[in-house]
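Visitor: sequence unavailable; structure follows:
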């Protein structure tokens, strides 16, 4: 007989204040995606600090080539599932493609993710042009994670998946965008596919925690797609991903190995980063 998937982790729930303290104390923040209650309970038990219900579910759950087809209903549904499996980890939900095209739409959809889904924060992709939307959400009490660098929802506009910020002008603009988004009310910043030194510069330039995925070791925390680090995702894996199931006797051990590697700064190594 099945029982409800729920972490037995009895630690206090992680808050934004805790994440800010971890940055100040230079304690690495370990993050993963999750899409259902059972995996949520496993990552929570392993000591993950932050769980993202990413629109990456479009790739690894739904089988799409991009995240563009993912809907608000999809994210609400999966956020509900993940929330049921967590006790400690801070829960963030992605805002899907075109769900935040205007401040009013952003607020309505963020409200759904928090009220129906149980998210404690929403994440949106965008550069400094999203500052007004971030400000509108923050002014209405919505915690926001800004997403800079590679923005998968923009893959067709960008012409593919590639490292962002390698040219001096683009790098300078990304630093300025990060500062503007923080000033506008962003509580976290996620950097994806960004050269390691640029990521380090951005991390030093803002007071809010910076989480990296393919952004090198000099950020405040790391996140991976759960299915990538468990070597479940079919096909070619991103350069920044590492298979933590190697040498692990179970999924729980693999996740624990990831948490340990992030915390002791052995992951990401040079081979997982970009110049």
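Guide: Nice, I can see it. Computed from a predicted structure; not experimentally measured.
Visitor: how many neighbouring residues does residue 17 have?
Guide: 8 (other Cβ atoms under 10 Å). Just so you know, the C-beta spots here come from the backbone N, C-alpha and C atoms, and that holds for glycine as well.
Visitor: ramachandran angles for it?
Guide: Main-chain torsions, residue 17, degrees, to the nearest 10: phi -60, psi -40.
Visitor: over to residue 5?
Guide: Here is the backbone geometry of residue 5 (degrees, to the nearest 10): phi -70, psi 110.
Visitor: which stretches of the stretch 1-150 of the chain form helices?
Guide: 16-24, 37-45, 57-60, 72-85, 103-115, 131-139 (DSSP state H, counting those that start in this stretch).
Visitor: please identify the most buried of the ones you listed.
Guide: Stretch with highest mean neighbour count among the helices of the stretch 1-150 of the chain: helix 37-45 (a mean of 24; mean count of other Cβ atoms under 10 Å).
Visitor: can you get me the centre-to-centre distance for that one and its chain?
Guide: Counting by Cα atoms, centre = their mean, to the nearest Å, helix 37-45 is centred 16 Å from the centre of its parent chain.
Visitor: same question for stretch 32-45.
Guide: Offset of stretch 32-45 from its chain centre (Cα atoms, centre = their mean): 14 Å.
Visitor: pLDDT (mean, whole number) over that stretch?
Guide: The pLDDT scores in stretch 32-45 average 98.
Visitor: stretch 10-19 too?
Guide: Taken as a whole, stretch 10-19 has an average pLDDT of 94.
Visitor: related to what we said a few turns ago, redo the helices of the stretch 1-150 of the chain as CSV? Include distance to residue 229.
Guide: Below are the helices of the stretch 1-150 of the chain laid out as CSV (distance: least, Cβ to Cβ, whole Å):
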stretch, distance to residue 229
helix 16-24, 20
helix 37-45, 10
helix 57-60, 11
helix 72-85, 17
helix 103-115, 24
helix 131-139, 29
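Visitor: for residue 263, find the nearest of those.
Guide: Among the helices of the stretch 1-150 of the chain, helix 16-24 comes nearest to residue 263, with 10.3 Å by Cβ to Cβ.
Visitor: so which of the helices of the stretch 1-150 of the chain is nearest residue 160?
Guide: Closest approach to residue 160 among the helices of the stretch 1-150 of the chain is made by helix 57-60 (14.8 Å; Cβ to Cβ).
Visitor: among the helices of the stretch 1-150 of the chain, which comes closest to residue 149?
Guide: Per Cβ to Cβ, nearest to residue 149 of the helices of the stretch 1-150 of the chain: helix 131-139, 16.3 Å.
Visitor: contacting residues around the residue nearest the centre of the chain?
Guide: Residue closest to the average C-alpha location in the chain (Cα atoms, centre = their mean): residue 52, at 5.2 Å. If you count contacts by Cβ atoms under 8 Å, 6 or more residues apart in numbering, residue 52 has them with 31-34, 92-94, 123, 223.
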